[in-house]
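1. Generate coordinates for the sequence data below:
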Amino acid sequence: MTYSIEFFNAAVQAEVERWPAGINASFTRIAEQMVESGPNLGLPYTRPFGDGLFEIRARGAEGIGRALFCILIGRRIVILHGFIKKTQQTPPNELKTARKRLKEVQHG
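-> This is a model prediction of the structure:
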């Protein structure tokens, strides 16, 4: 069975679409694989963050992009937040944004 991918809102979708071409292509390939095989692709493509939050690990010649997502009933993958990674660790404010949106999606 296939999954569907949706974005938290139009701003998140626009942010991911603005990523440099190589990073965006990597994101697209990973997302297409998630639709077919499910979200648990494992490293180096996806990684769990705990409490229902996961990341897509997109990489291109231009750098690294991260899209934080959750999985909902009905095989729905929701991209909650996306950003270009500039530091070794995921910045706390990026995680905070994704966790806040995760709560909104889960609890309305």
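2. For the residue nearest the centre of the chain, give me the pLDDT.
-> The centroid of the chain falls nearest to residue 67 when counting by C-alpha atoms, centre = their mean (2.7 Å). For residue 67, the pLDDT comes out at 98.
3. What pairs with the helix or strand encompassing it, parallel or antiparallel?
-> Residue 67 is part of strand 63-72 when elements are defined by DSSP states H and E. Note on strand 63-72: by DSSP bridges, its sheet partners are strand 53-60 (antiparallel), strand 76-85 (antiparallel).
4. So which bits of the last one are buried?
-> So that's strand 76-85. Burial within strand 76-85, assessed by neighbour count using 16 or more other C-beta atoms under 10 Å, is assigned to 77-83, 85. Using the backbone N, CA and C atoms, a C-beta is placed for each residue, glycine as well.
5. can you tell me the average pLDDT over that strand?
-> 97.
6. Convert it to PDB, retaining C-alpha atoms only.
-> Only the C-alpha atoms of strand 76-85 are listed here, as PDB (Å, rounded to 0.1, in the frame of the first residue of the first chain):
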ATOM      1  CA  ARG A  76      -0.400  10.100   5.600                       C
ATOM      2  CA  ILE A  77       3.000  11.700   5.900                       C
ATOM      3  CA  VAL A  78       2.900  15.300   6.900                       C
ATOM      4  CA  ILE A  79       6.000  17.500   6.200                       C
ATOM      5  CA  LEU A  80       5.900  19.800   9.300                       C
ATOM      6  CA  HIS A  81       9.000  21.900   8.700                       C
ATOM      7  CA  GLY A  82      11.900  22.200   6.300                       C
ATOM      8  CA  PHE A  83      15.300  24.000   6.500                       C
ATOM      9  CA  ILE A  84      18.800  24.100   5.000                       C
ATOM     10  CA  LYS A  85      21.200  22.700   7.600                       C
END
